[in-house]
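1. Whatever this is, show me its structure:
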Amino acid sequence: MGVKRVKIHTNFQPNKSDKRSFVGEDDDWISELPDEILVDILSLLSLKEAARTSVLSSRWINLWKHTPSLCFDAQQSLLDKLYLEVELLESERLKYVKWVNSVIQSHKSPALKEFKIRFHLNKSSAKAITRWLEFAFSRKVERLELDIKSRRDSSKYYCFPDEFLTLTNCRPPPNFQPPSHSILVAAGFKSLKALVFKFVCVSGGAIEFLLHNCPLLEQLIVHESNKLSKLQVCGSSLKLKHLEIVHCCPGLESLKVSAPKLTTLIVTTVTGLLLENVPMLVNVSVRCDPDSISIKRLFDVVLSRCISQMHTLCLGQYSCGVFRGEMDEIYDLPKMPKLKKLVIEYRGRGHESLIRLAALIRASPYLEEFVLQFNWSTLPREDRQIEGAVTNSPHHHLKIFKFCGYYGSANDVELLNYILENCIVLEKIIIDPDFVWFRDKLEVEETARLNAKQKLAPQVPQHIELVVL
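-> Modelled structure (predicted):
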């Protein structure tokens, strides 16, 4: 049976004499849809866009007030500007607080899928922030994100009130009649599936309380909290799948994790990290200080519970020391038999040997993607003398190699030559010269692109795709 083709006229112009309207008339088929569908459509828009639909007709005046997603997300361009202009920040902060207050006072949905605060706030807005949290919990919020983007002055961070967890100090927002304070907050906890705190002071005791009183919690993210000292994420009944504790040092002394459903762990310090019951942990991201832990201890001790089951590993290093130790330390790493993707974030001066990273490839026999993010800091990048040859070791699964921070110096070329010679099924090399350290960023990146085209391209076989970003 043939399919009839419909010709679309791209030069169609509306008839000016046609006074039919899509709003408020008989052919307003969108407004004929049930409220539930219209609210679902509005939830796909930003909060301000959804509010603008109230002018369409009387049918739409209050629909946006029923959206289950309240994302008070300021534009990134405005946030970047406010970070630099303190005087403007104060006036914009007042506008932001007024905006949030006005929305929650008129909001009508009995439940929230998402409540998100993202703006430069601090202790001066503490009362308002606390009331926003009370409102979110009163509406049985499923995903709660509080990202107040402070100017990294931890003394001015908003502190999550510990008394809030006693279930006795909850004040509802205006025009809202809760059945009782205790039931109000407890119900909110029971619905929570994702919790994000960024630039918020929150104690380990508060986090542990939330973990054990939020039976559906699957994602917990805490960034830039200086109030954490000791934290235990433990419990056989925890449903937690994603745990992220980032830049909470030097206050964080210990982190114990025993969560049977955990699949993803992201931490920026391994000092005091203890992994116990993590049978499903397959995605790990750690950043380590070479002064506190060696690369061998990281693999042999800290990650020993999950080393054989990891699918993705991101290893961050903030100085050159971690790969500067004894040769046999990095060459004697345990095998990672299920690792598919390896990301190395390596910060150094620029002249360090990169060829030693090949040991991580050899320790991952089924690795398919290798990403190196080399953040170097010294110009000029002087070519160092390559000391001795590295033993070849054919790799039969690596298909993609991405080199971020490529410049074209001898240590860059040395690693790329190893990849080309040993990765038998290699399909693509991605060169990203993105560079963030110097004022002459564009000049450095253009030099890197030129080096890639002149030095690297002639060495890459035709069956391997070379992409220079």
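2. Can you tell me how far the residue nearest to residue 306 when sequence neighbours are not counted is from residue 145?
-> Once flanking residues are discounted, residue 306 sits nearest to residue 281: 4.5 Å by C-beta to C-beta, 6 or more residues apart in numbering. Using the backbone N, CA and C atoms, a C-beta is placed for each residue, glycine as well. The gap separating residue 281 from residue 145 is 24 Å, by C-beta to C-beta, to the nearest Å.
3. quick one: which of these two has more around it?
-> residue 281 (24 against 20; other C-beta atoms under 10 Å).
4. Residue 346 and residue 371 touch, don't they?
-> No: contact criterion C-beta atoms under 8 Å: residue 346 and residue 371 do not qualify, at 10.8 Å.
5. So for the two, which sits in the more crowded spot?
-> residue 346 (22 against 17).
6. quick one, what contacts that one?
-> Residues in contact with residue 346 (C-beta atoms under 8 Å, 6 or more residues apart in numbering) are 317, 323, 352, 354, 357, 372, 373, 374, 375.
7. and those residues, which of them are in helices?
-> Of these, none are assigned to helices by DSSP state H.
8. export the residues you listed to TSV and tack on neighbour count and pLDDT?
-> What follows is those, written out as TSV (neighbours: other C-beta atoms under 10 Å; pLDDT from 0 to 100):
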residue	neighbour count	pLDDT
317	20	72
323	21	46
352	18	72
354	22	83
357	19	86
372	23	93
373	17	91
374	22	86
375	18	82
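9. tell me which residues form a beta bridge with residue 313?
-> residue 284, residue 342 (DSSP bridges).
10. Residue 333 and residue 356, how far apart?
-> From residue 333 to residue 356 the distance is 11 Å (C-beta to C-beta).
11. Could you list the residues in contact with the helix or strand residue 414 falls within?
-> Assigned by DSSP states H and E, residue 414 falls within helix 410-422. Helix 410-422 is touched from outside by 351-355, 357-358, 361, 370, 372, 374, 383-386, 390, 392-395, 398, 401, 403, 406, 426, 429, 455-456, 459-461, 464, with contacts defined as C-beta under 8 Å, 6+ apart.
12. after that helix, next one along is what?
-> Next helix or strand after helix 410-422 toward the C-terminus (DSSP H and E): strand 428-432.
13. Quick check: mean pLDDT of the helix or strand just after that following strand?
-> Moving toward the C-terminus from strand 428-432, the next helix or strand (DSSP H and E) is helix 441-451. Mean pLDDT, helix 441-451: 84.
14. okay, the helix or strand following helix 441-451 in PDB with CA atoms only?
-> Later in the chain than helix 441-451, the nearest helix or strand by DSSP H and E is strand 465-468. The C-alpha trace of strand 465-468 is given here as PDB (Å, rounded to 0.1, in the frame of the first residue of the first chain):
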ATOM      1  CA  GLU A 465      39.700   9.500  12.400                       C
ATOM      2  CA  LEU A 466      41.600  12.500  13.600                       C
ATOM      3  CA  VAL A 467      39.500  15.300  15.100                       C
ATOM      4  CA  VAL A 468      41.100  18.600  16.000                       C
END
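15. Contact partners for residue 230?
-> 204, 252, 253, 254, 255.
16. Dig out what it forms beta bridges with.
-> Beta-bridge pairing for residue 230 (DSSP bridges): residue 254.
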